[in-house]
Structure formats: structure tokens, C-alpha cells
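In: Show me the folded form of this:
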Amino acid sequence: MRRRTVLFSLILGAGLFLAGPAAASGPPEPGEPARPFTLADLDGRPVTLSSFKGRLVLLHFWATWCPTCREEMTILEEGARAHPETLVILGVNLGEKRSKVAAYVRESGISFPILLDARGKVAASYGVLALPITLVIDRDGRVAERVLMGSLDREGLERILGRHPLD
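Out: As a prediction, the model looks like this:
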């Protein structure tokens, strides 16, 4: 499974490199405005990042085939349930079919919004080259920090929430 993750990361990186200027601009640095987007959720409804301004947002890029992503989804779900009024978690699935993603979400009991980035355009605009990646977006709509692949655990989530108080 690790080999598949590495192979996908290389393919994803090459594809995003070829995607053009959005990918070449690299990920937003802390303090920069989050890059705007609208993606469909699992019910086909459009979800726009800017609609969550004024709340702390964890933007999580993931895929069902990625074991580390699945572990982090469990941790994120715990955070979403613990802070439903003040914390927004958006799971951005990269390149998978709606039916496969919906089945995983149902089986796992995920309650936070899952958005579909079928062609990887949003991932490219955020400089995502490997999965999972989580970006912390502050109440003002600026990128506050990036959590690199495999480094989000329960304690790490609590540290993030401590650095960005929810009340």
C-alpha cells in the first residue's frame, strides 16, 4: 500500500506540474489569503470556501485508497463532533468517483462536508503534491499553517486548536 501511495504522489505531482500556472505558483504561505474555490459536495450542492469566513477551517485533501488519509479522517471526525459550532472541516477528495467516496463516508460515519475535486484543480491551486495535506485557514480567510502528510494525530489537532482558539 505504501508503494501505491508513493507512486500516486509522483503521478499527482507530475500531473499538477503539467496543469500550468496554478500549480507552478506553489502552496499559499502562512498569512496569505486562502485561494477561493467552489466544489460540489456528495449531494451535488456547490460549497464555496468563502462562505465559512469568520470560522476556523481545516481543509483536508485526501483519498479513500490512502491509509494515512483514512487515519486522519477519523481524527478530523472527532474534532468536527467535538466543535460543531466553531470548527469547519472540509474534506476535499482528490480524483475519485462520487459513489466510491460516498460509500466510504457512509461506512466511516463521517459527518463533515466532503467535496469532490475530480480533476485536481483545487489541489493544484494549493500546491498539493502528496496526500494527505491539511491546511488551517483562520477566521479572516488566511492560511495559518499546513499539516504535512501523516503528521496529524489527536494531540496535533489539539495543538492546532490551541493555537487558533475557537471562541
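
In: CA only for contacts and neighbour counts going forward, please
Out: OK.

In: How much space separates S151 from I133?
Out: Separation of S151 from I133 (CA to CA, to the nearest Å) stands at 9 Å.

In: now swap in E145 and tell me
Out: 11 Å.

In: now do L90
Out: For L90, the distance to I133 - CA to CA - is 12 Å.

In: Compare neighbour counts for those two and give me the winner.
Out: I133 (24 against 21; other CA atoms under 10 Å).

In: got a list of what that one touches?
Out: Contacts for I133 (CA atoms under 8 Å, 6 or more residues apart in numbering) come out as 60-62, 146-149.

In: how about TSV for these, with distance to K53 and pLDDT added?
Out: Converted to TSV, the contacts of I133 look like this (distance: CA to CA, whole Å; pLDDT from 0 to 100):
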residue	distance to K53	pLDDT
H60	17	96
F61	19	96
W62	22	97
R146	18	90
V147	20	87
L148	23	79
M149	25	74
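
In: Can you pick out the most distant pair from these?
Out: The most widely separated members of the contacts of I133, counting by CA to CA, are W62 and R146 (14.0 Å).

In: Which secondary structure element of the chain has the lowest mean pLDDT?
Out: Least confident helix or strand, the chain: helix 21-24 with a mean of 42, by mean pLDDT, DSSP states H and E.

In: Find the nearest non-adjacent residue to the residue positioned nearest the centre of the chain, please.
Out: A centroid search over the chain (CA atoms, centre = their mean) returns H60, at 1.6 Å, as the residue closest to the centre. Counting by CA to CA, 6 or more residues apart in numbering, H60 lies nearest to T134, which is 4.2 Å off, once chain neighbours are set aside.

In: isn't that neighbour right up against F61?
Out: Yes. Contact criterion CA atoms under 8 Å: T134 and F61 qualify, at 6.2 Å.

In: Which of the contacts of I133 are buried, as a PyMOL select command?
Out: Here is the PyMOL selection string for the buried members of the contacts of I133, based on 16 or more other CA atoms under 10 Å:
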select buried, resi 60+61+62+146+147+149
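
In: Go through the contacts of I133 and name the one nearest E158.
Out: For the contacts of I133, the nearest to E158 is V147 (12.8 Å; CA to CA).

In: where are the low-confidence patches of this protein?
Out: Scanning the chain with the threshold set as pLDDT under 70 gives 1-25, 167.
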